[in-house]
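**Student:** got a sequence here, can you build the structure:
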Amino acid sequence: MRVSVVGAGVSGLTTALVMTEAGHDVTVFTRDQPRATVSAVAGAAWYPIRGERDERTDRWLRASYERFMALDGSAGIVARRARELLRATRPDDWWRDILPGFAHEDPPTGFDDAWGSAPIPVIEMPVYLGWLVRRVRVRARIVTGSVDALDDVPGDVVVNCAGLGAGDLAGDDSLEPIRGQVVRVEQIGLDTMILDEQNPAGVTYIIPRARDIVLGGVREAGSHDPAWDRATERAILDRCIALEPRLARARIVSRAVGLRPGRPRVRLERAGRVIHDYGHGGSGVSLSWGCALDVVAMAGP
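**Tutor:** Numbering: from 1, shown residues only. Below is the predicted model:
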């Protein structure tokens, strides 16, 4: 079939790649180059998602984990243990079921519990997006330009992976931006991802990559502000240094702000010749391969 994918973030490129693997004739239409999408800003580590959980999300997570773990450093994938610190205990059934090597660990002072994992994939997005683009271009086309209406896009099947723009294209008022801000510091020898999601001062994470460490974060629902904020960065650094004091000597190498496409529930469904795949919030990377495989199944043979 002739398939058009709208959007060249991680969801759009992954869908395009899986569509080409299924033998379809694929064109990607994108307003922004992949490195200019919000996907390029992501921390990004595969991890169980917050909030929404059902049979679909479990399947998407497992499928994505398997595909990421089959890749290596040339695709921008590094394996890191994860350690989540809890200030108040909570049920562990989902994490125990879905997180490889899940185990309770002795918590540091000030925390009630800690969860650990086996090494899981950390995805270095600039490298990974470049890898996806190269793979897609082997069999597909990437066309730069704005899409004003899905009805105007050619193809037997049109896949809406336009991120925040997907809501306007689909007439979906439930999609809203979730502002994020990160600071990246030099790699100083850290090899364990640390999460403190219950921090009363704000969600906190430390994600070591091969050459740098991503520190975050921010989840500001409804904010359209793309500007970097100095006070927010200072607060992120303070929270992360409190978890890992060695970060106090790490040099800042870059910083970024992104607007995630948030929605109460991921929209993955077919309406006529259009398949909608958007609203992943901060879990677009973690769900990307699983969602793409479902899109291919919905498209049919």
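**Student:** what about the closest residue to Ala149 other than its chain neighbours, which SS state?
**Tutor:** Of all residues beyond its chain neighbours, the one nearest Ala149 is Leu169 (7.1 Å), with distances taken as CB to CB, 6 or more residues apart in numbering. Bear in mind the C-beta positions are built from the backbone N, C-alpha and C, glycine included. What DSSP: H, G, I helix; E, B strand; the rest coil gives for Leu169 is helix.
**Student:** dump the residue contacts of Leu169.
**Tutor:** Counting by CB atoms under 8 Å, 6 or more residues apart in numbering, Leu169 touches Val6, Val147, Ala149, Leu150, Asn160, Ala162.
**Student:** in the stretch 101-250 of the chain, which spans are strands?
**Tutor:** 103-105, 113-116, 120-123, 141-144, 157-160, 176-186, 192-196, 204-208, 212-216, 220-221 (DSSP state E, counting those that start in this stretch).
**Student:** related to what we said a few turns ago, neighbour-wise, which of the contacts of Leu169 leads?
**Tutor:** Comparing these by number of neighbours (other CB atoms under 10 Å), Ala162 comes first, having 29 neighbours.
**Student:** any low-confidence regions in this protein?
**Tutor:** In the predicted model, the chain carries no residue with pLDDT under 70.
**Student:** check which helix or strand covers the nearest residue to Arg270 once chain neighbours are set aside.
**Tutor:** Counting by CB to CB, 6+ apart, the nearest residue to Arg270 once its immediate chain neighbours are dropped is Met298, at 4.8 Å. Using DSSP states H and E, Met298 maps to helix 284-299.
**Student:** any idea how far that helix is from the chain center?
**Tutor:** Here helix 284-299 is found 13 Å from its chain centre; the criterion is CA atoms, centre = their mean, to the nearest Å.
**Student:** against which helices or strands is that helix packed?
**Tutor:** helix 10-21, helix 55-69, strand 157-160, strand 267-271, strand 274-278 (3 or more CB pairs under 8 Å, 6 or more residues apart in numbering; DSSP states H and E).
**Student:** picking that back up, I'd like the strands of the stretch 101-250 of the chain written out as a markdown table, with distance to Leu243 added.
**Tutor:** Shown next, in a markdown table, are the strands of the stretch 101-250 of the chain (distance: least, CB to CB, whole Å):
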| stretch | distance to Leu243 |
| --- | --- |
| strand 103-105 | 14 |
| strand 113-116 | 11 |
| strand 120-123 | 17 |
| strand 141-144 | 40 |
| strand 157-160 | 39 |
| strand 176-186 | 13 |
| strand 192-196 | 6 |
| strand 204-208 | 6 |
| strand 212-216 | 10 |
| strand 220-221 | 21 |
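**Student:** packed most tightly, which of these would that be?
**Tutor:** strand 157-160 (a mean of 26; mean count of other CB atoms under 10 Å).
**Student:** okay, that one in PDB with CA atoms only?
**Tutor:** Output in PDB follows, covering the C-alpha atoms of strand 157-160 (Å, rounded to 0.1, in the frame of the first residue of the first chain):
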ATOM      1  CA  VAL A 157      -3.300   4.900   4.600                       C
ATOM      2  CA  VAL A 158      -2.400   8.100   6.500                       C
ATOM      3  CA  VAL A 159      -0.800   7.800   9.900                       C
ATOM      4  CA  ASN A 160      -1.200  10.800  12.200                       C
END
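**Student:** burial count for Ala242?
**Tutor:** 15.
**Student:** hang on, Arg251 packs against Val185?
**Tutor:** Yes: using CB atoms under 8 Å, Arg251 is in contact with Val185, at 6.3 Å.
**Student:** how much space between the residue nearest to Ala149 and Leu17?
**Tutor:** 22 Å (CB to CB, to the nearest Å).
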